[in-house]
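Participant: Sequence unavailable; structure follows:
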């Protein structure tokens, strides 16, 4: 590839925009297809940069990637804020993880031991310490610990900042969905659902459409990839904390009766509360039971949330995969993929975008990309 390579990025969320930024840094001609930039999972996300509290026992490779991605954010966040000229709400305040009852606490203890074995600093908190560092936390919960290495960013400001930078750098935005993808000789042709938009030809295209990527893989006859992707619905509430109490000082997350819940405070008294994990396809209804469960769990842990004002109830579709790993790498011909980041899109996307950019230009790509290859789903029958 050369610096004048024309590349289409299909998707305007955290994954697509982060990659577009890297490509424009190589002076590529970048076109971004999305009906409404930042309107998918990136808009509904809470913005937790939480490699520790998101780590699972049986996913050591993913835990490694999340830790590397978190370190990447250390220099990436100030760079993005500076280049865009706006704050992106990056806060290194740490996370308080809790167990509401004895069963939840047993899981928290097991998770803490796992994290400590990975070299993560996990500080168990006494009741006195809890009251000191997070006075809004209920004294009735069974236990809590503090993880200093987990941070957060305002996901909506992050998407806004990326868009500002990309517009400055000359990216082209097409507000339509891609309706056809064709590999023609050494080029990739894309057609959108905009009646006024003609078929456009690019040297390369990257599928980065999150939960909607499966339909794009089917356009290129790659059902082996499409069938391994699934949308995972998450319902989220946004509230304004009561001025007499204010929001929590830290991200607060854990489990109530084995049901996960989190509260992510913003600097403007906003608190993001979530989130459900529902494998219900692209169901766009909001289930009242899920919303009441979220509120009940949140108020059990931080009782002052009850006094907050609700200003948004929303939902999004996380781009899940059958093995919980992202789909990042070369598909075939001039087609690449940067999708499937599941719950970790805001955290991981800038880091995997850097790796994919290096792979596209054969610029010392990391070895771990073989683990996220889109072609890992090819069965022996299809080989």
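Facilitator: Here it is on my side, so go on. These figures come from a predicted structure and were not determined experimentally.
Participant: In what element of secondary structure is the residue positioned nearest the centre of the chain found?
Facilitator: Residue closest to the average C-alpha location in the chain (C-alpha atoms, centre = their mean): residue 345, at 2.0 Å. Per DSSP states H and E, residue 345 falls inside helix 345-360.
Participant: got the buried residues for that helix?
Facilitator: Of the residues in helix 345-360, 345-357, 359-360 count as buried by neighbour count, 16 or more other C-beta atoms under 10 Å. (Each C-beta comes from the backbone N, C-alpha and C, glycine too.)
Participant: care to break this structure down by domain?
Facilitator: 6-43+157-228+322-377, 95-148+230-321 (automatic domain parsing).
Participant: And the first one, end to end?
Facilitator: Between the opening and closing residues of domain 6-43+157-228+322-377 there is a gap of 28 Å (C-alpha to C-alpha, to the nearest Å).
Participant: what mean pLDDT would you report for that domain?
Facilitator: Domain 6-43+157-228+322-377 comes out with an average pLDDT of 97.
Participant: chain center to that domain, what's the gap?
Facilitator: 15 Å (C-alpha atoms, centre = their mean, to the nearest Å).
Participant: which stretch among the domains of the chain comes nearest residue 79?
Facilitator: With C-beta to C-beta as the measure, domain 6-43+157-228+322-377 is the member of these nearest residue 79 (9.6 Å).
Participant: that older thread, how far away is the residue nearest to the centre of the chain from residue 83?
Facilitator: 21 Å (C-beta to C-beta, to the nearest Å).
Participant: can you check residue 198 too?
Facilitator: Counting by C-beta to C-beta, the gap from residue 198 to residue 83 is 33 Å.
Participant: among the domains of the chain, which is the most enclosed?
Facilitator: Burial of these is given as mean neighbour count (mean count of other C-beta atoms under 10 Å); domain 6-43+157-228+322-377 ranks first at a mean of 20.
Participant: Any figure for the gap between the residue nearest to the centre of the chain and residue 18?
Facilitator: With distances taken as C-beta to C-beta, residue 345 is found 9 Å from residue 18.
Participant: Residue 72 now?
Facilitator: Counting by C-beta to C-beta, the gap from residue 72 to residue 18 is 10 Å.
Participant: can you list residues touching both of these two?
Facilitator: Residues touching both residue 72 and residue 18 (C-beta atoms under 8 Å, 6 or more residues apart in numbering): residue 350.
Participant: shaky segments in the stretch 1-150 of the chain?
Facilitator: Applying pLDDT under 70 to the stretch 1-150 of the chain flags the ranges 1-3.
Participant: Let me see the contact set for residue 327.
Facilitator: Contacts of residue 327 (C-beta under 8 Å, 6+ apart): 213, 225, 228-229, 321, 337-340, 372, 374.
Participant: Check residue 202 too.
Facilitator: 6-8, 31, 187-190, 334.
Participant: Distance to residue 218 added to the residues you listed, as JSON lines?
Facilitator: Output for the contacts of residue 202, formatted as JSON lines (distance: C-beta to C-beta, whole Å):
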{"residue": "6", "distance to residue 218": "24"}
{"residue": "7", "distance to residue 218": "22"}
{"residue": "8", "distance to residue 218": "18"}
{"residue": "31", "distance to residue 218": "22"}
{"residue": "187", "distance to residue 218": "21"}
{"residue": "188", "distance to residue 218": "16"}
{"residue": "189", "distance to residue 218": "17"}
{"residue": "190", "distance to residue 218": "15"}
{"residue": "334", "distance to residue 218": "18"}
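Participant: In strands, which of those residues fall?
Facilitator: Of the contacts of residue 202, the ones assigned to strands by DSSP state E are 6-8, 31, 187-190.
Participant: If I look at the nearest residue to residue 93 once chain neighbours are set aside, what pLDDT would I see?
Facilitator: Distances taken as C-beta to C-beta, 6 or more residues apart in numbering place residue 250 nearest to residue 93, at 5.2 Å, with adjacent residues excluded. The score at residue 250 is 96. That number is its pLDDT.
Participant: Test my guess that residue 250 contacts residue 134.
Facilitator: Yes. Using C-beta atoms under 8 Å, residue 250 is in contact with residue 134, at 5.8 Å.
Participant: Quickly list what's touching both of the two.
Facilitator: Common neighbours of residue 250 and residue 134 (C-beta under 8 Å, 6+ apart) are residue 96.
Participant: Am I right that residue 19 is in a strand?
Facilitator: No. Residue state for residue 19 (DSSP: H, G, I helix; E, B strand; the rest coil) corresponds to helix; a strand is not indicated.
Participant: ok, now how distant is it from residue 282?
Facilitator: 24 Å.
Participant: And for residue 27?
Facilitator: 37 Å.
Participant: How about residue 258?
Facilitator: The value you get for residue 258 to residue 282, if C-beta to C-beta is used, is 27 Å.
Participant: Next one: residue 111 relative to residue 60, how far apart?
Facilitator: Relative to residue 60, and taking C-beta to C-beta, residue 111 is found at 14 Å.
Participant: For the stretch 1-150 of the chain, which segments count as strands?
Facilitator: In the stretch 1-150 of the chain, the strands defined using DSSP state E, counting those that start in this stretch lie at 6-10, 29-33, 48-49, 95-99, 123-125, 143-147.
Participant: Quick check: residue 53 touching residue 150?
Facilitator: Yes. Between residue 53 and residue 150 a contact is recorded at 5.4 Å, counting by C-beta under 8 Å.
Participant: Start from the N-terminal end of this protein and give the helices.
Facilitator: 14-24, 41-44, 60-84, 102-117, 127-133, 155-169, 213-219, 223-226, 288-301, 345-360 (DSSP state H).
Participant: Relative to residue 237, how far out is the closest residue to residue 306 other than its chain neighbours?
Facilitator: Take residue 306 and drop its neighbours on the chain: the residue closest to it by C-beta to C-beta, 6+ apart is residue 299, 4.7 Å away. In this view, residue 299 and residue 237 are 11 Å apart by C-beta to C-beta.
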